[in-house]
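Colleague: structure for the following, please:
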Amino acid sequence: MNNPDFVRQASSFNASRRSGSSLWQALHIDPPLLIGVCLLGAFGLFVLNSATGGDQAVIQRQAIVMVVGLIVMCAVAQFNVHFFRRWAPPIYGAGVALLILVLFIGAEVNGAKSWIDFPGLPRFQPSEIMKFVVPVLLAWYLASRPLPPKFKHLFWSAVMIVIPAGLIVLQNDTGTAIMVFMSGVFVVLLAGIRWRIVFAGLFAGLLGSPAWYLFLAQAHQKNRILTFLDPYRDPTGAGYNIIQSQIAIGSGGIYGKGYGNGAQSHLDFIPESHTDFILAVLAEEFGLLGVLFLIGLYLFVLLRGFAIAYAARDLFGRLLAGSITLTFFLYVFINMAMVSGLVPVIGLPLPLISRGGTSIVTLFIGFGLLMSIQTHDRQKFP
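Modeller: Numbers count the residues shown, from 1 in each chain. As a prediction, the model looks like this:
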């Protein structure tokens, strides 16, 4: 026999749950993704405070950038993702034009001429925006064509990827060029490209790598590869950062030395301790457990991104959400592998943990696109 009070309480609970869900839906915010991003940002400020020795100016600037990023994320989420689909070609054209402009009037920072500094405006890096402009264009192009893509469609997709990536290489920013290139490649892979084409491309890349190294690679790129193979060939020069990073990671052990007690970072043995090599600070002070905690936060965000891609109603949304999530994963993987000495140093920060400006805001643009895909036109999804 049904209990009337229990039925009324259950109905009231379900109505409250639907009301809360509909509120987030109306705001076009995905709560799990928002929670994951905020936890990462807060943990990043916590680690950065130690990496900078408590420099409040740096911490306040990073916090402001995080808040601006959250605002941008929420603003992007308000637009139906198909708005970006309609405007994909002009946005891409504008991005390429900015990349060309950088070659003539760009400001050089840390050896890379990739910044534009207009009077009265904050300095920004157009190449960072292309990490999401390229996937939007590729998703727009491939979603309206039969899949798996035919050879001519793969050819034009390659052209769309290579143009911005090549321009960024000319800016002497190899790390960002790789990320832009791979963000487009992920869309092509998700579109169902045949495996024999994938293996043929990998084989061609392996065959061409010696020629690239001998004839095309610049001196600093060759030096990075040689340093990766043997950092002790120049322990006080090119190999210094990675050697000190490995010392810091190893000395942290399982539990770490404690917050603010990292000798390698606080005695300035790690020159880029608050940017590219901030993971070494985390590993030294919080040990393996601290790194695993950070990886857990990243996995939470990544799984939510993949879930949004899986639940997307149309092919454009699936391709775009999948590419954004895989690009975020690659960002994390390359930085962690780079700091550990598993891949050459290419100057990529640790997402939402390293100090940054344009790079952080562009990450939030990607999260905003994911929220737009999730909340505007979706299948039933928890």
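Colleague: and residue 206, how far from residue 50?
Modeller: The spacing between residue 206 and residue 50, counted by CB to CB, to the nearest Å, is 41 Å. Where you see a C-beta, it was placed from the backbone N, CA and C, and this is true even at glycine.
Colleague: the more surrounded of those two?
Modeller: Neighbour count, other CB atoms under 10 Å: between residue 206 and residue 50, residue 50 has more, with 23 against 9.
Colleague: helices or strands next to the helix or strand hosting the more buried one in the packing?
Modeller: Assigned by DSSP states H and E, residue 50 belongs to helix 31-51. Applying 3 or more CB pairs under 8 Å, 6 or more residues apart in numbering; DSSP states H and E, one finds that helix 31-51 contacts helix 56-77, helix 278-311, helix 358-376.
Colleague: in the first one, which residues are buried?
Modeller: So that's helix 56-77. Under the neighbour-count criterion of 16 or more other CB atoms under 10 Å, helix 56-77 has 58-59, 62-63, 65-66, 69-70, 72-74, 76-77 buried.
Colleague: likewise the longest one?
Modeller: Under the neighbour-count criterion of 16+ other CB under 10 Å, helix 278-311 has 278-287, 290-291, 294, 297-298, 300-302, 304-305, 307-309, 311 buried.
Colleague: so which elements touch the helix or strand just after it?
Modeller: Once the chain leaves helix 278-311, the next helix or strand it forms, by DSSP H and E, is helix 315-340. Judged by 3+ CB pairs under 8 Å, 6+ apart, helix 315-340 is in contact with helix 81-86, helix 126-143, helix 174-190, helix 240-252, helix 278-311, helix 358-376.
Colleague: identify the residues contacting stretch 175-182?
Modeller: With CB atoms under 8 Å, 6 or more residues apart in numbering as the test, stretch 175-182 has contacts from 114, 125, 127-128, 130-131, 134, 161-162, 164-166, 168-169, 326-327, 330-331, 334, 346-348.
Colleague: should've said stretch 108-122
Modeller: So stretch 108-122 is contacted by 98, 101-103, 105-107, 123-127, 168, 171-173, 176, 220, 347, 357 (CB under 8 Å, 6+ apart).
Colleague: just the endpoints, please. Distance across that stretch?
Modeller: This stretch, stretch 108-122, spans 15 Å end to end (CA to CA, to the nearest Å).
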